[in-house]
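>>> Turn this into a structure:
(2 chains)
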Amino acid sequence: MAEPVTTEEKPAALPPELAALQAEAIALEGEQAAPAADGGTPGAAPTPPIDYLSDAKGLVDIAAEALAAFYPSTAPILTTEKRGRIAGALAPVLEKYGLDMASIFGKWGAEIGLAFACAPIAIPIAQAIRADRAAAERLKIAEAPPPPPAGPTAATTAAPPASDLYSKV
Amino acid sequence: MSLVDVTQAADIQAVLGASGTGKSHYVKATIRKDRRLLVWDIEDEYPDLPALALSALPAAFAGRRARRAKFICAADAATRAREFDLFCRIAFAAGNLRLVVEELRFVTTASRAPDGWAAITLRGRKRGIRTIGTSQRPAQIDKDFLGNCTLIRCGALEYPEDRKAVAPILRASLEEIAALSGYRALEYRRA
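Predicted coordinates for the structure are as follows:
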């Protein structure tokens, strides 16, 4: 359990600079305490700030490992260093949108679980469907009647009679 | 008596390294004997120190009496930023103390630092402030601080951009930094 935070310390007189800073601190603490009146918990142990970099690293690792499970050739490409670089770029984005691992998995945990359950069978199913379609196409071509023999086309019809050719002369 | 003393030697330390490279161990050993100590604590890593509210710090550190305390900052970034500026200004006004700031990347960026922190790094020496700042990501923290350090201690760093940021101020090659592992660290002490 976190120890209580001490707020009582009253010396005889503070130098003006420190006294002004103390007043500023009291005002800041007053602002922070204000939401507690609406149901917050004043005096509760402060929670540590969110480490977006660690969260980004965790997300990149999960994604890289999931990808490698389907496409093993990607594993040597996504090295620790490259994952680190991606995580370094992803962290400010997570911070910008206020997304951390806890909120991502808290909000979309069920959907992510569903995706992980379905993903391993999604690719074989897609491949099976593609194979069945290709087989059906081959069968259709084999059973189709032979095309009629080629006849003369409009472009190869006989030349107009000579009278037509010279009618305007 | 004036708080300003231009004859005091600068003591500004950067303790850098990825998680688990011995930063906390080094800092705790360094501050063990400091009579006046104020710590900006993020995850309550200093259980032996009493936690004081911001409003209690000015009175606690007024004068020159011995005092060791920590302040545990808020979780949300906006409040934390305001707290940090005020915390630094209180430390600067109190003077003559060892100041420890845990994980600078939560409160500074490479190009921006709150006024209070800037005062500590640029003018703290004259107030007798001996500063230690730690970070896992030196590429993302205040460059003025790194540039003013009298001692830089660097353990293993995970990201190439961090190694690049540290190499010139550590006077070390990228290969030397990349070769660090476990608790091994490089130190550069400015003359």
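>>> quick one: buried residues of stretch A:100-113?
For stretch A:100-113, a neighbour-count test (16 or more other C-beta atoms under 10 Å in any protein chain shown) marks A:D100, A:M101 as buried. From N, CA and C alone the C-beta is placed, and that goes for glycine too.
>>> wait, stretch B:183-191
The neighbour-count check on stretch B:183-191 (16+ other C-beta under 10 Å) flags B:A185, B:L186, B:Y188 as buried.
>>> ok, and the closest non-adjacent residue to A:E29?
Nearest residue to A:E29 in three dimensions, chain neighbours excluded: B:S55, at 5.6 Å (C-beta to C-beta, 6 or more residues apart in numbering or on different chains).
>>> from what I can see that neighbour touches A:G30, true?
No. Using C-beta atoms under 8 Å, B:S55 makes no contact with A:G30, being 9.3 Å away.
>>> near chain A, which residues of chain B?
Taking C-beta under 8 Å from any C-beta of the partner chain as the measure of proximity, chain B contacts chain A at B:42-44, B:47, B:50-63, B:72-77, B:79-80, B:82-83, B:86, B:89-90, B:93-94, B:106, B:136-137, B:158-161.
>>> For ChimeraX, write a command that selects the buried ones of the residues you listed.
This is how ChimeraX selects the buried members of these, with burial counted by 16+ other C-beta under 10 Å:
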select /B:42,51,52,53,54,55,56,57,58,59,60,61,62,72,73,74,80,82,83,86,89,90,93,94,106,136,137,158,159,160
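>>> Tell me which entries of the residues of chain B next to chain A lie within helices.
Per DSSP state H, helices hold the following members of these: B:57-60, B:77, B:79-80, B:82-83, B:86, B:89-90, B:93-94, B:160-161.
>>> so which of these comes closest to A:G113?
Set against A:G113, the nearest of those by C-beta to C-beta is B:A77 (30.2 Å).
>>> Would you pull up how far the helix or strand of chain B with the lowest mean pLDDT lies from the middle of the chain?
Every helix and strand in chain B was compared by mean pLDDT, DSSP states H and E; the lowest is helix B:143-148, with a mean of 91. How far helix B:143-148 lies from its chain's middle: 11 Å, per C-alpha atoms, centre = their mean, to the nearest Å.
>>> now swap in stretch B:57-70 and tell me
18 Å.
>>> Just the CA coordinates for that stretch, please, in PDB.
What follows is stretch B:57-70, C-alpha atoms only, in PDB (Å, rounded to 0.1, in the frame of the first residue of the first chain):
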ATOM      1  CA  LEU B  57       8.000  21.000  -0.400                       C
ATOM      2  CA  PRO B  58       8.700  24.700   0.000                       C
ATOM      3  CA  ALA B  59       8.500  24.600   3.800                       C
ATOM      4  CA  ALA B  60      10.300  21.200   4.000                       C
ATOM      5  CA  PHE B  61      13.300  22.500   2.000                       C
ATOM      6  CA  ALA B  62      13.400  26.100   3.300                       C
ATOM      7  CA  GLY B  63      16.700  27.000   4.900                       C
ATOM      8  CA  ARG B  64      19.600  24.600   4.900                       C
ATOM      9  CA  ARG B  65      18.400  21.800   7.300                       C
ATOM     10  CA  ALA B  66      18.800  18.200   6.300                       C
ATOM     11  CA  ARG B  67      15.800  16.800   4.600                       C
ATOM     12  CA  ARG B  68      15.200  13.800   2.300                       C
ATOM     13  CA  ALA B  69      11.900  13.400   0.500                       C
ATOM     14  CA  LYS B  70      10.200  12.400  -2.700                       C
END
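>>> what residues does it touch?
A:9-11, A:14-15, A:18-19, A:21-22, A:25, B:34-41, B:46, B:49-52, B:71, B:87, B:90-91, B:93-94, B:96-97 (C-beta atoms under 8 Å, 6 or more residues apart in numbering or on different chains).
>>> Now, the buried residues of stretch B:183-191 that are in strands?
Among these, the members falling in strands are B:L186, B:Y188 (criterion: DSSP state E).
>>> and the buried residues of stretch B:183-191 as JSON lines, adding pLDDT?
Listed next are the buried residues of stretch B:183-191 as JSON lines, based on pLDDT from 0 to 100:
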{"residue": "B:A185", "pLDDT": "94"}
{"residue": "B:L186", "pLDDT": "95"}
{"residue": "B:Y188", "pLDDT": "94"}
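>>> quick one: which of the buried residues of stretch B:183-191 is nearest A:Y52?
B:A185 (25.7 Å).
>>> And the closest one, how close does it get to B:I72?
Here the criterion is C-beta to C-beta, to the nearest Å. By it, B:A185 lies 27 Å from B:I72.
>>> try B:R65
On the measure of C-beta to C-beta, B:R65 and B:I72 end up 22 Å apart.
>>> for A:P92, same thing?
Using C-beta to C-beta, A:P92 is found at 25 Å from B:I72.
>>> Also A:P145?
Distance from A:P145 to B:I72, by C-beta to C-beta: 84 Å.
>>> now swap in B:K164 and tell me
From B:K164 to B:I72 the distance is 33 Å (C-beta to C-beta).
>>> ok, now B:S19?
19 Å.
>>> same check, this time on A:A136
For A:A136, the distance to B:I72 (C-beta to C-beta) stands at 68 Å.
>>> same check, this time on B:A14
With the distance defined as C-beta to C-beta, B:A14 ends up 22 Å from B:I72.
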